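*Asks:* One predicted model, sequence on top.
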Amino acid sequence: MVMRASFKTALRLFKKHLTRLLTIVAIVIVSVGFMSGIGEVQGRINFAANKYYRDQNMPDFYIKSARPMGFTANEISEIEEVANGTLLKSLCFEEKKENSDKIFRVYQYALDSDVNQLEIIEGELPKEGEVLAERATVDYAEYTVGDKVTVIGTEYTVSGICINPMLLLRMNERSFQYEEEYLSGVFYLNSQPMIVNDVYYSIRNRTLFDAYSEKYKTAIEQEKSELCDILGENATVLTLYENEGFYAMDSYAEKVGQIGIIFVVFFLLVTLLVVYSTMSRLFDEERGQIACMKTLGYSDIQIVGKYVLFVTIATLVGGAIASVVGLGLTYIIYVAFGIQYDMPPFPAGSKLIYYFSTFAIILVATLLLTLFTGLKLTRGKPAALLTPKAPKMGKKVILERVKFIWNRLSFKHKSTARNVLLFKGRFFMTVVSLIGSSVLVLAGLGLTDNVVKVDNAESILSISIALIVFSAMLCALVVYNLTNINVSERTREIATLMVLG
């Protein structure tokens, strides 16, 4: 019987205060959606990078000979001894077209090698008399299958278009031979090179790679040191850390994650502010019912439990929707990265660590806040709870001492000024929320204004837009919630003003 009565009262609570339920749902969606959406970018990019690294068998080392005639057979043997695995031996050269500033790079090696597998996006691997062309980018010219191109004085037919995993950057890929200049295109010849001036290989334990973990970094630094000792000044040893496209992608993802961390505290505080103001008002309205339940023998925990359930369901619903909102925001930023880099496909799987951690913090914080607020009220005697809460005593405002201003105010404006001082907490909560949201909006606008001056402008632009939108929504929810509470407390005052005309 008691359980049935508890269920009915809980159901009435949800029906009666549906607007407040939706307010909490909305604030959780905005907060968790933004925090997880920004925070998950780095995780998704790292997840995609790990998969791409394995699928394309990307090399951990790229060794470039410093001599025009390339590596000697003895040097290649020494590299093989350190690598203890398969080497990809390549001839790489660049040519600058006459009467032009265009620079083209040509790779010659067995293109079906397991190491650094090219991603064929159109056509097929070249045969004799054919060449593979790198996909079109901001700087690379566009080619189609069947086009004729001249490489080192010889005409070739383009057999296919590909993406080299080591050339993920879509703009400003630097030339090796002509410093401070950029490539205009890259071609691949499918044959064993007579001269080897480039060597690629992967570390023995491929499982060490985990989006540039410290363990991976330590392993390749040790191996790089060993290679440098063997080859001396005859070669330049590069790792994935020196690959501008692949590493910059991870570096920018980390910066996006840091932006998310900066705003976590603000979004958390504003969420708690909205929940506290909403539930405080709800408890005040339910004083009579709480008193009746105490007289019927319900414990304080049983009484407050109904309101904790109210907040729990609102937070869970908001959190569930926020997961979709956050994923959508992550996807938008991920796609924006694709304007600067040839990103792997958006990964379907991820641990969602940032989402679960931010949602857990919001859930625990709102539940504890509701629990403590409710228990503070239920400590009172039923008789005291049945008595309406005494209104705050009116106070003179400092403006009343400035007679030449005060005397010129209408009754409505004088009433407003007194109410502002009477409820200082809500006034300052509104001011702080507006200041914080305005700062975030201005920060987003500032990023938008300066975005064209920095690298990876597209991903930063997407973040700035998200910052503006979510901050504006957060501000609107805070103002709506506090205004709704203030208006609901002043129905008699508003009626009086209406009677007075």
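*Replies:* Good, I have the coordinates.
*Asks:* which SS class is residue 280?
*Replies:* Here residue 280 takes the helix state, with states given by DSSP: H, G, I helix; E, B strand; the rest coil.
*Asks:* Number of residues surrounding it?
*Replies:* Neighbourhood size, residue 280 [other C-beta atoms under 10 Å]: 18. In short, each C-beta sits where N, CA and C put it, glycine included.
*Asks:* Residue 342 now?
*Replies:* Per other C-beta under 10 Å, the neighbour tally for residue 342 reads 20.
*Asks:* How much space separates the nearest residue to it once chain neighbours are set aside from residue 53?
*Replies:* Spatial nearest neighbour of residue 342, chain neighbours left out: residue 168 (4.9 Å); criterion: C-beta to C-beta, 6 or more residues apart in numbering. Here the criterion is C-beta to C-beta, to the nearest Å. By it, residue 168 lies 11 Å from residue 53.
*Asks:* Around residue 411, how many other residues sit close by?
*Replies:* Neighbour tally, residue 411, other C-beta under 10 Å: 10.
*Asks:* ditto for the one 5 residues further on
*Replies:* Counted with other C-beta under 10 Å, the burial measure for residue 416 works out to 11 neighbours.
*Asks:* ok, so what distance separates it from residue 490?
*Replies:* As judged by C-beta to C-beta, residue 416 and residue 490 stand 10 Å apart.
*Asks:* Residue 39 too?
*Replies:* 40 Å.
*Asks:* now residue 324
*Replies:* 38 Å.
*Asks:* Show me which of those two is the more surrounded one.
*Replies:* residue 490 (14 against 11).
*Asks:* List phi and psi for the closest residue to that one other than its chain neighbours.
*Replies:* Spatial nearest neighbour of residue 490, excluding adjacent residues (C-beta to C-beta, 6+ apart): residue 419 at 7.6 Å. Backbone torsions for residue 419, taken as degrees, to the nearest 10, come to phi -70, psi -40.
*Asks:* Measure how buried residue 419 is and give me the count.
*Replies:* Going by other C-beta under 10 Å, the residues that sit close to residue 419 add up to 18.
*Asks:* for residue 145, same thing?
*Replies:* 14.
*Asks:* In terms of helices and strands, where is it?
*Replies:* Using DSSP states H and E, residue 145 is not contained in any helix or strand.
*Asks:* In contact with it: list those residues for me.
*Replies:* Listed by C-beta atoms under 8 Å, 6 or more residues apart in numbering, the contact partners of residue 145 are 122-123, 158-161.
*Asks:* Top of those residues by number of neighbours, please.
*Replies:* Going by other C-beta under 10 Å, residue 159 tops the contacts of residue 145 with 23 neighbours.
*Asks:* Residue 215 versus that one, what's the distance?
*Replies:* 41 Å.
*Asks:* mind checking the SS state of residue 133?
*Replies:* Here residue 133 is strand, with the state taken from three-state DSSP.
*Asks:* So it sits against residue 189, correct?
*Replies:* No - with contact defined as C-beta atoms under 8 Å, residue 133 does not reach residue 189; the gap is 11.3 Å.
*Asks:* which residues of the chain score low on pLDDT?
*Replies:* The model of the chain has pLDDT under 70 over residues 1-7, 211-212, 349-350, 390-395, 447-450, 452-458.
*Asks:* mind listing the strands for it?
*Replies:* Taking DSSP state E as the criterion, the chain carries its strands at 61-65, 88-96, 103-109, 119-123, 130-134, 148-151, 154-163, 185-190, 198-201, 235-239.
*Asks:* what's the spacing between the fourth one and its chain's center?
*Replies:* Computed by C-alpha atoms, centre = their mean, to the nearest Å, the chain-centroid distance of strand 119-123 equals 31 Å.
*Asks:* packing partners for it?
*Replies:* strand 154-163 (3 or more C-beta pairs under 8 Å, 6 or more residues apart in numbering; DSSP states H and E).
*Asks:* ditto for the second one
*Replies:* The contact analysis (3+ C-beta pairs under 8 Å, 6+ apart) places strand 88-96 against strand 103-109, strand 198-201.
*Asks:* Out of those, which gets nearest to residue 494?
*Replies:* strand 103-109 (74.6 Å; C-beta to C-beta).
*Asks:* Put the alpha carbons of the closest one into PDB.
*Replies:* Coordinates of each C-alpha in strand 103-109 appear next as PDB, following Å, rounded to 0.1, in the frame of the first residue of the first chain:
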ATOM      1  CA  ILE A 103      58.100  20.900 -58.100                       C
ATOM      2  CA  PHE A 104      57.200  17.200 -58.600                       C
ATOM      3  CA  ARG A 105      58.400  14.300 -56.500                       C
ATOM      4  CA  VAL A 106      58.800  10.800 -57.900                       C
ATOM      5  CA  TYR A 107      59.100   7.600 -55.900                       C
ATOM      6  CA  GLN A 108      60.300   4.400 -57.500                       C
ATOM      7  CA  TYR A 109      59.900   1.100 -55.600                       C
END
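*Asks:* Okay, angle between that strand and strand 130-134 too, please.
*Replies:* With axes from the mean of the first three to the mean of the last three C-alpha atoms, to 10 degrees as the basis, strand 103-109 and strand 130-134 are set at 120 degrees to each other.
*Asks:* Show me how far strand 103-109 is from its chain's centre.
*Replies:* 37 Å.
*Asks:* Thanks again, I'm all set now.
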